[in-house]
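One predicted model, sequence on top.
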Amino acid sequence: MLQAILALSDKTFWLPRGGSTVSGELDSLFNVIMWICVFFFLLVTVLLVWFVLRYRHRPGVTRDPAAGHSTALEITWTLIPSIICVFLYYYGFRQYMNMAIEPPNSYEITATGQMWQWSFTYPNGYTDPQLHVPVNTPVRVVLQSQDVIHSLYLPLMRVKKDVVPGRFNRLWFEATSANGAAYLTNVTINGKPTEIGVDVGGVRLAPTQDKFGSLPSDVQAVLASKSPTPTTRPAADKMVEGFSLLNGTTLYVIETNGTPSVIDGAGATGRQMIPFESLPAEVRSALEEETKGVSIPANQPVQAYDDAEPSDIYCAAYCGTNHSMMRSRVIVHRTQADFDKWLAGAAAKAMNLPPLELGKKLYMTKGCAQCHTIDGSKLVGPSWKDMWGRMEKMSDGKEVLVDEPYVIESIRSPLAKIVEGFPPQMPPFPPDMVKDNEVKGLIAFMKSISSHTSAADRAGPTSAPATRPAGAAPTTQK
């Protein structure tokens, strides 16, 4: 416990808040070096200015002969910096060795960098775009890159390591803070009472849609109790809105007399009610942003639920045009049991997602959204809107039908065919990064946002589009 308290460091002008076993000592060493530099900078600058003024050339003043050396002065300005350097070397090297050698019982996670995303693979084989860890547990992260040099940087943990293609690297850390929370409140937007929610980092809580029949029994009982008569009990296929927390649990929205409220998976309401004005500034700002301009009264109660704690992950090496978009988060769970429950649930859910839902998730988590829009606008790559089932012109002048073989080839070997007007920047996604069932999910998602495919086409093989240029024959795929 004492080690955890000493490891925490407050946010300063120079550094974010620290939350690992090494952050306290690192911040102290940083501050010592900084103030030593400030002291000597001011000392040299003040003496320089004073010497310029005191010994400037003045008419009628005879210059003294050049002074000889002073042994005492030379020993002083050599000995003092030497002592400081030895002190800094000792404590810096000790801290470096502490950060370089992880405890033998560390929990191992594999991190893969690829333009422009991070993915983290856990011992059970599940891969997630965010790094989830339990609190007070040493975690070893094995680093690898699929394309160029990346650098995994976790500011809250005070760790950073570069990863070079074709080589492995590693870092470790032990998180000491897991005081996350989810905040939800009710506002009226466009005349309709609406529930909004954000996490402790000010990020909007992920919305969910679940069938009533698939909800926990306690939640079903609460929802059913809100019905005035048994005949108005929600049908099994009725969709129920909710919010997904970072720890893997879901909060469900229920309506009573037209006003929404929130219950957790056990059918209970919020653990704590906090006035809006007492929330952290970042949370208040995020909630106000979700209201689309509607003001929230200062005394309005906000429901607070315990949750895992998020912090930012960056790529600290310039890795290409969209380098600044290569961001993720490290999620610290409050207990080992919470982490184990999240991991088991996330892996099970990923295995059972329908192709379309899987494709939607992969579009956001596999880096597709960073290069391909779904609204028709252009980014690094062509937009996916209406792309499936149309003829696409390649950089060599040929036209290719966007169908299943073309999409698979574009994922596995993206440089085989380059769409005209776009640079050849997409990295390959081998089967160990994007599995065959995930490819099918992406295809299902592309079909769902294309006007060139009918309902029958979405269920079966895609035929040539009606917009094929006259006299043009289908291009043979490789």
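Looks like it came in fine. Numbering: from 1, shown residues only.

Would you quantify the distance from V402 to K440?
For V402, the distance to K440 (C-beta to C-beta, to the nearest Å) stands at 15 Å. From N, CA and C alone the C-beta is placed, and that goes for glycine too.

who's more crowded, the two?
It is V402, of V402 and K440, that has more neighbours when counted by other C-beta atoms under 10 Å, with 23 against 16.

pLDDT score for the more buried one?
V402 is assigned a predicted lDDT (pLDDT) of 89.

Just list the residues touching it, thanks.
For V402, the set of contacting residues under the criterion of C-beta atoms under 8 Å, 6 or more residues apart in numbering consists of 387-392.

again with L442
Shown here is L442, whose contacts under the criterion C-beta under 8 Å, 6+ apart are 359, 362-363, 368, 407, 411, 434.

what's the helix or strand for it?
Here L442 is covered by helix 436-448, with elements defined by DSSP states H and E.

So which residues of this structure form helices?
Counting by DSSP state H, the chain forms helices over residues 2-7, 23-54, 71-100, 217-225, 281-290, 336-352, 355-365, 404-412, 436-448, 455-459, given from the N-terminal end onward.

Columns distance to P65 on top of those, output as CSV?
Shown next, in CSV, are the helices of the chain (distance: least, C-beta to C-beta, whole Å):
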stretch, distance to P65
helix 2-7, 57
helix 23-54, 17
helix 71-100, 18
helix 217-225, 93
helix 281-290, 65
helix 336-352, 76
helix 355-365, 76
helix 404-412, 80
helix 436-448, 83
helix 455-459, 95
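
Tell me which of those lies nearest to A206.
Distances from A206 to each of the helices of the chain were compared using C-beta to C-beta; the minimum, 10.0 Å, belongs to helix 355-365.

how distant is the closest one from the center of its chain?
With C-alpha atoms, centre = their mean, to the nearest Å as the basis, helix 355-365 stands 17 Å off its chain's centre.

what's the spacing between the residue nearest to I84 when sequence neighbours are not counted and H323?
Spatially, and ignoring its direct neighbours in sequence, I84 is nearest to I36 (6.4 Å; C-beta to C-beta, 6 or more residues apart in numbering). Applying C-beta to C-beta, one obtains 33 Å for the distance of I36 from H323.

how many other residues sit next to R412?
Counted by other C-beta under 10 Å, the residues lying close to R412 total 14.

swap in the one 3 residues further on?
A count of neighbours around L415, defined by other C-beta under 10 Å, yields 11.

Next, the contact list for it, please.
424, 426, 428.

Make a markdown table out of these and add distance to V222 and neighbour count.
Supplementary listing: the contacts of L415 in a markdown table, determined by distance: C-beta to C-beta, whole Å; neighbours: other C-beta atoms under 10 Å:
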| residue | distance to V222 | neighbour count |
| --- | --- | --- |
| P424 | 54 | 10 |
| M426 | 47 | 21 |
| P428 | 49 | 16 |
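
got those as JSON lines, with pLDDT and distance to M239 columns?
Compiled in JSON lines, these are given as follows (pLDDT from 0 to 100; distance: C-beta to C-beta, whole Å):
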{"residue": "P424", "pLDDT": "84", "distance to M239": "42"}
{"residue": "M426", "pLDDT": "83", "distance to M239": "35"}
{"residue": "P428", "pLDDT": "84", "distance to M239": "38"}
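
want to throw the residues you listed into TSV with distance to V253?
Output for the contacts of L415, formatted as TSV (distance: C-beta to C-beta, whole Å):
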residue	distance to V253
P424	46
M426	39
P428	42
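
What score does P430 have for pLDDT?
In the predicted model, P430 carries a pLDDT score of 82.

Could you do D338 as well?
pLDDT at D338 comes out at 93.

and the spatially most central residue of the chain, what are its bridge partners?
What sits nearest the mean C-alpha location of the chain, by C-alpha atoms, centre = their mean, is S328, with 1.8 Å. Applying DSSP bridges to S328 gives these bridge partners: I313.

how close does it get to R167?
Taken as C-beta to C-beta, the spacing of S328 relative to R167 amounts to 21 Å.

separation between P382 and P423?
According to C-beta to C-beta, P382 and P423 sit 11 Å apart.

The two: which is more packed in?
With neighbours defined as other C-beta under 10 Å, P382 and P423 compare such that P382 has more, 18 against 10.

Quick one: residues contacting that one.
By C-beta under 8 Å, 6+ apart, the residues touching P382 are 372, 392, 419, 421-422.

Kindly format the C-alpha coordinates of stretch 396-413 as CSV.
The C-alpha coordinates for stretch 396-413 follow below in CSV (Å, rounded to 0.1, in the frame of the first residue of the first chain):
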residue,chain,number,x,y,z
ASP,A,396,-3.5,1.2,-64.4
GLY,A,397,-6.7,2.3,-66.1
LYS,A,398,-8.5,-1.1,-65.7
GLU,A,399,-11.9,-1.4,-64.1
VAL,A,400,-12.6,-3.9,-61.4
LEU,A,401,-15.9,-5.1,-59.9
VAL,A,402,-15.9,-4.6,-56.1
ASP,A,403,-17.0,-8.0,-55.0
GLU,A,404,-15.8,-10.7,-52.5
PRO,A,405,-12.6,-11.8,-54.3
TYR,A,406,-11.6,-8.1,-54.8
VAL,A,407,-12.2,-7.2,-51.1
ILE,A,408,-10.3,-10.3,-49.9
GLU,A,409,-7.4,-9.5,-52.2
SER,A,410,-7.4,-5.9,-51.0
ILE,A,411,-7.2,-6.9,-47.4
ARG,A,412,-4.6,-9.6,-47.8
SER,A,413,-2.5,-8.0,-50.6
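
Buried residues, it. List them.
Of the residues in stretch 396-413, 399-404, 406-408, 410-411 count as buried by neighbour count, 16 or more other C-beta atoms under 10 Å.

Quote the end-to-end distance of stretch 243-254.
Distances were taken as C-alpha to C-alpha, to the nearest Å; on that basis the terminal residues of stretch 243-254 are 12 Å apart.

The chain should start at 6 in everything you say after this.
Happy to do that; since the first residue is 6 now, the last one works out to stretch 248-259.

Just give me how far it sits from the chain centre.
The offset between the C-alpha centroid of stretch 248-259 and the centroid of the whole chain comes to 19 Å, using C-alpha atoms, centre = their mean.

now do stretch 381-394
Distance, stretch centre to chain centre, for stretch 381-394: 24 Å (C-alpha atoms, centre = their mean).
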